[in-house]
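S.K.: Any chance you can model this:
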Amino acid sequence: MVTRAKKALFLKTKNIGDAIILTASIAALPSSYSFVDVICLPHSEAIFKMNKRVRHVFVIPRDKKGLNKITAYFNLFKRLFKERYDLLAHFSVDWRGAVLARLIHVETSVSRQTDRRGYFWHQSFNFLAPKLDIERPMAEQDVDLLRSINLYKKSVAPAYQLDISIPQKNKVNAWLKKCDIHSKNKLVVIHASSRWKFKEIPMASWAKIIDQLKSKKIDIVISGSHEDLKTNEMIFDLCVSKPVLTKDFSLIDTAALYERANLVLTIDSMSTHLASAVKTPVVSIFGPTNEKNWGPWKGKYKVIGLSAKDAEIFACRPCGQDGCEGSKISQCLVQLDPKMVVNQALLMLKPS
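M.R.: Predicted coordinates for the structure are as follows:
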């Protein structure tokens, strides 16, 4: 008698950092599930393509409009109906997962309780994990969905899982060589920009950090998306000792660069999770957001908040607000001493 291979469908329609976090749950899924497919937003597709366990990546057609969007959704759902999934795990709280759970007739469907949705949404799933809390890493809280259906019984979630191909590594190494960056010096990659400006530290602070690290004969690359380039160029202009900028790197290129680095130095952003996923030490700067939820996961890391003196002044952090009084500027990050960041970076670069 031939047993049909089990299939799981994971949905997470959130940002790139959330997609990286989901790879811990993919790793936690028992090997009895031969196939794992993922539904995600377009900008997260590359993350799941770097995960060897993911078979198919289905992208939400959010960039389409009108009839084209309706047609794209119809074709997506039609494809999913044919797959005969055994498990549907919905890690977001949008309506797509609830609709699919009702329509594709999976044996087991699971999501988490949320105040954002009502009775109908909650009744769409066979099982519900507890609500999110402010004390535990998001990797653990995602894996709670698998714990709630007895598919993962360990007390600690796995590490994030991304795999960088050899050609991709060679591509980045060739680029570094072209930029006159060689393995004789330590390499620090900095991610300074965010779509949420209240998470950023001042550009002048970054310039001071870069100049001090460069004075220690440390090579510096500032990474980011195309949208980050303007901020990165302004930081570059403020530096006395000029770093190297990435200008046309894809997300996969950036992952390979992070893996090659000796340290990733970043604000609270997807870069924190990307560094964790490629097993590179990371120093992460947090202000209004809660590092208990969103800090690095596993590996070697250090979270920087405030000095003891400033912590008394800014007892409000982590406030979860978009800057002080909605200003989009977080004074706890403005006040951050660049020397503290440099010192932590140098400590992380020392041999273990």
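S.K.: In the chain, mark out all the strands, start to finish.
M.R.: All strands of the chain, identified by DSSP state E, fall at 6-12, 33-40, 54-59, 87-90, 108-112, 127-129, 187-191, 219-223, 244-245, 263-267, 282-285, 301-304.
S.K.: With mean neighbour count, mean pLDDT and distance to residue 325 as extra columns, can I get those strands in JSON lines?
M.R.: All C-beta spots, glycine's among them, are computed from the backbone N, C-alpha and C. Shown next, in JSON lines, are the strands of the chain (neighbours: other Cβ atoms under 10 Å; pLDDT from 0 to 100; distance: least, Cβ to Cβ, whole Å):
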{"stretch": "strand 6-12", "mean neighbour count": "23", "mean pLDDT": "97", "distance to residue 325": "32"}
{"stretch": "strand 33-40", "mean neighbour count": "20", "mean pLDDT": "97", "distance to residue 325": "35"}
{"stretch": "strand 54-59", "mean neighbour count": "17", "mean pLDDT": "97", "distance to residue 325": "38"}
{"stretch": "strand 87-90", "mean neighbour count": "26", "mean pLDDT": "98", "distance to residue 325": "35"}
{"stretch": "strand 108-112", "mean neighbour count": "22", "mean pLDDT": "97", "distance to residue 325": "32"}
{"stretch": "strand 127-129", "mean neighbour count": "17", "mean pLDDT": "97", "distance to residue 325": "35"}
{"stretch": "strand 187-191", "mean neighbour count": "26", "mean pLDDT": "98", "distance to residue 325": "27"}
{"stretch": "strand 219-223", "mean neighbour count": "23", "mean pLDDT": "98", "distance to residue 325": "30"}
{"stretch": "strand 244-245", "mean neighbour count": "18", "mean pLDDT": "98", "distance to residue 325": "33"}
{"stretch": "strand 263-267", "mean neighbour count": "26", "mean pLDDT": "97", "distance to residue 325": "21"}
{"stretch": "strand 282-285", "mean neighbour count": "26", "mean pLDDT": "96", "distance to residue 325": "21"}
{"stretch": "strand 301-304", "mean neighbour count": "18", "mean pLDDT": "92", "distance to residue 325": "24"}
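S.K.: Any idea which of the ones you listed gets closest to residue 74?
M.R.: strand 54-59 (13.2 Å; Cβ to Cβ).
S.K.: coming back round to it: put together JSON lines for the strands of the chain, with distance to residue 73 on each row.
M.R.: Below are these laid out as JSON lines (distance: least, Cβ to Cβ, whole Å):
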{"stretch": "strand 6-12", "distance to residue 73": "14"}
{"stretch": "strand 33-40", "distance to residue 73": "11"}
{"stretch": "strand 54-59", "distance to residue 73": "11"}
{"stretch": "strand 87-90", "distance to residue 73": "16"}
{"stretch": "strand 108-112", "distance to residue 73": "19"}
{"stretch": "strand 127-129", "distance to residue 73": "25"}
{"stretch": "strand 187-191", "distance to residue 73": "34"}
{"stretch": "strand 219-223", "distance to residue 73": "34"}
{"stretch": "strand 244-245", "distance to residue 73": "39"}
{"stretch": "strand 263-267", "distance to residue 73": "35"}
{"stretch": "strand 282-285", "distance to residue 73": "37"}
{"stretch": "strand 301-304", "distance to residue 73": "39"}
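S.K.: Which of those sits closest to residue 230?
M.R.: Of all the strands of the chain, strand 244-245 comes closest under Cβ to Cβ, at 11.1 Å.
S.K.: now for that closest one, which elements pack on it?
M.R.: Helices and strands touching strand 244-245, by 3 or more Cβ pairs under 8 Å, 6 or more residues apart in numbering; DSSP states H and E, are strand 219-223, helix 229-238.
S.K.: Give me the contacts around that strand.
M.R.: 179, 181, 219, 220, 221, 222, 229, 232, 233, 236 (Cβ atoms under 8 Å, 6 or more residues apart in numbering).
S.K.: same deal with stretch 77-88?
M.R.: 6-9, 11, 33, 37, 58, 97, 100-101, 103-104, 106-110, 149, 151.
S.K.: Ok, stretch 130-148 next?
M.R.: So stretch 130-148 is contacted by 18, 21-22, 24-25, 28-29, 89, 91, 110-115, 127-129, 152-153, 156-158, 160, 290, 292-295, 297 (Cβ under 8 Å, 6+ apart).
S.K.: What's the end-to-end length of that stretch?
M.R.: Using Cα to Cα, to the nearest Å, one end of stretch 130-148 lies 9 Å from the other.
S.K.: Narrow the contacts of stretch 130-148 to just the buried residues.
M.R.: With burial judged by 16 or more other Cβ atoms under 10 Å, the buried subset of the contacts of stretch 130-148 is 18, 21-22, 24-25, 28-29, 89, 91, 110-112, 128-129, 152, 157-158, 160, 293-295, 297.
S.K.: Now, those that are in helices?
M.R.: Per DSSP state H, helices hold the following members of those: 18, 21, 22, 24, 25, 28, 293, 294.
S.K.: Go ahead and confirm the fourth one touches residue 276.
M.R.: No: look at residue 24 against residue 276 with Cβ atoms under 8 Å: they stay out of range, at 9.6 Å.
S.K.: what touches both of those two?
M.R.: With Cβ under 8 Å, 6+ apart as the test, residue 24 and residue 276 both reach 159, 160, 297.
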